[in-house]
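In: What follows is a predicted structure for the sequence shown.
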Amino acid sequence: MVEERIRAYLQARLPRAQGLTLRHFRRHTEGWSWETFSFEAHWYENGTEKQQSYVLRKEPDTAGVIGKYDTQGQFTLLKALADTPVAVPRVFWCELSREVLGAPFFIMEKVDGEIPLPWAEHERGPFASAAEQRAIARQFVEQLAHLHTVDWRARHLDFLGVPEPGQGPAFQEIAKWEAELNRVEFTPMPLLRRALLWLKRHAPVAPRISIVHGDYRLGNFICRDGRIVAILDWELVHLGDPLEDVAWVCLRPWRGCSRYMASLIEREELYRLYEAYTGIHVSEEHIRFYEVLGNLKLAVIHLIAARAFEDGANTDVRLATMGHHYIFMLKHIAELLHI
């Protein structure tokens, strides 16, 4: 039983804990990548009752939607960011052995709050008022600026892969997603191949090398009492061009026909705040490049999921449905390339 194996693992990590029990144990079904469990641990230590809420994130037993997983890397990153202004959950333990749960995992604190979702059924989406939306939007950009100004060298995060300066970050990401497309492509996709050719001809010069979250958007952070208290879902993190994250915020899939980027903030305000917080100039052509790349990346992720289902590596039917969604990314690419 998974719950008992986790309890035994915690007991080994908390040798002074007496009467350790887990309460409110839950496996979360939201999310398409990691397997996620949450629970409260209760125990006594020297006669004093103690408790801590945890979240355990485990690599899937079968093929997932992002290709290769890096449990140790994500744990190390979150630990390195713990004393920075970037809002991240506190991490406790990382287990790479498959003997405990069948796959590597790490355990972090459970951060109380709500995850705003773009499809919330309210007049203003997930926000109670325009003022609340503006406040969260400003913090959203501020948190991104904090991440992009972290001194990753001083925090020994070069294991994330240091690209060459200049056009290096762009070409690194092009190569990554082209290789994934080559691996999972079901049938020739001329528009994605045309997009790759365009990307190789228009690779921009990065203003600096920064930590790039890789999936920074509404739905990947926790709010409490009007504050962003934790940034989540770091599986696509890498070192690269910080404007890649800004462009990802602008992708159509996160906003539909709304004028608010990521259902949060208007494009001009996003650029203005980001420039003010970081000193990095945001150009339309630079963002356009990474919007094309972002849509290609998202299309390939959907194909990875569909391929995993088609090959029998993962039987989650949600992955099969993702094989139909990439067509929207193709549409957005065609619009961006004026095809």
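Out: Arrived safely, thanks for sending. Since the structure is predicted, the reported quantities are computational estimates derived from the model, not experimental observations.

In: Within the helices and strands, which one has the closest residue to residue 251 other than its chain neighbours?
Out: Spatial nearest neighbour of residue 251, chain neighbours left out: residue 294 (5.1 Å); criterion: C-beta to C-beta, 6 or more residues apart in numbering. Just so you know, the C-beta spots here come from the backbone N, C-alpha and C atoms, and that holds for glycine as well. For residue 294, the host element (DSSP states H and E) is helix 284-310.

In: now swap in residue 239 and tell me
Out: With DSSP H and E as the test, residue 239 turns up in strand 238-240.

In: tell me the contacts of the residue nearest to residue 251?
Out: 244, 247-248, 251 (C-beta atoms under 8 Å, 6 or more residues apart in numbering).

In: Tell me the predicted confidence for it.
Out: Here the pLDDT value assigned to residue 294 is 98.

In: The one 4 residues further on now?
Out: In the predicted model, residue 298 carries a pLDDT score of 94.

In: count of residues packed around the nearest residue to it once chain neighbours are set aside?
Out: Of all residues not flanking residue 298 in the chain, residue 329 sits nearest, at 5.2 Å (C-beta to C-beta, 6+ apart). A count of neighbours around residue 329, defined by other C-beta atoms under 10 Å, yields 25.

In: give me every residue that touches residue 329.
Out: 253, 295-296, 298-299, 302.

In: Tell me the one among these nearest to residue 147.
Out: Using C-beta to C-beta, residue 298 is the member of the contacts of residue 329 that sits closest to residue 147, with 20.4 Å.

In: In this protein, where is pLDDT below threshold?
Out: Applying pLDDT under 70 to the chain flags the ranges 30-33, 62-67, 119-125, 309-317, 319-321, 323.

In: most remote residue from it's center?
Out: residue 47 (40.7 Å; C-alpha atoms, centre = their mean).

In: on that earlier part again, spell out the secondary structure type for the residue nearest to residue 298.
Out: helix (DSSP: H, G, I helix; E, B strand; the rest coil).

In: Same question for residue 49.
Out: Quick answer, by three-state DSSP: residue 49 is strand.
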